[in-house]
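Engineer: Okay, predicted coordinates and the sequence, questions at the end:
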Amino acid sequence: MATRPNYFTVTLDDEDLGVFDDDLLMLDDSFVFENNTSMTFNQMLTGIEEADSKASRALVWWMRYKQGKTVDLLSINFRLKALHVVPVVFANPPKAGRAAKNVTTTSDTSHKSAI
């Protein structure tokens, strides 16, 4: 089984924030994200791996934004260990640029774990 980079589920305490899948990001998404967080998706993803607080806040903001919940970035506050970013594990790794059909399990990792 394998994981695909930048495909993971995000939860905050008991709030399911959804799945982050960089294969689905559009150019407009990049502009919205950068204009609201002052960082690129790549900076956020790198920051999550390093347990960076700005990246964590930006990820939570983005996931809520994608759910249609407009939230002021600076109002987002949470216990750092409450954020869980869990890589999705595939029975057969998906081909580049294609959605996975064989998602099998996820392994729980803490916010500080590498993705």
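Structural biologist: Here it is on my side, so go on.

Engineer: which residues touch the one residue sitting closest to the centre of the chain?
Structural biologist: Centroid-nearest residue in the chain, with C-alpha atoms, centre = their mean: residue 20, separated by 4.3 Å. Counting by C-beta atoms under 8 Å, 6 or more residues apart in numbering, residue 20 makes contact with 6-10, 59, 62-63. Glycine gets a C-beta too; all of them are placed from N, C-alpha and C.

Engineer: Cross those residues against strands and list the overlap.
Structural biologist: Per DSSP state E, strands hold the following members of these: 6-10.

Engineer: what about residue 80, distance to residue 9?
Structural biologist: Applying C-beta to C-beta, to the nearest Å, the value for residue 80 to residue 9 is 18 Å.

Engineer: scratch that, residue 22 is what I was asking about
Structural biologist: 14 Å.

Engineer: Give me the more crowded residue out of the two.
Structural biologist: Taking neighbours as other C-beta atoms under 10 Å, residue 22 and residue 9 compare with residue 9 leading, 18 against 14.

Engineer: quick one, what contacts the more buried one?
Structural biologist: Here residue 9 is in contact with 16, 18-20, 84-86, 88, 106 (criterion: C-beta under 8 Å, 6+ apart).

Engineer: what's the longest helix in this protein?
Structural biologist: Longest helix in the chain by number of residues (criterion: DSSP state H): helix 53-66.

Engineer: on that earlier part again, from the contacts of residue 9, which single one is nearest residue 27?
Structural biologist: residue 20 (17.1 Å; C-beta to C-beta).

Engineer: Just list whatever residues bridge to the closest one.
Structural biologist: Beta bridges link residue 20 to residue 8 when assigned by DSSP bridges.

Engineer: So for it, what pLDDT did the model give?
Structural biologist: Note on residue 20: pLDDT of 94.
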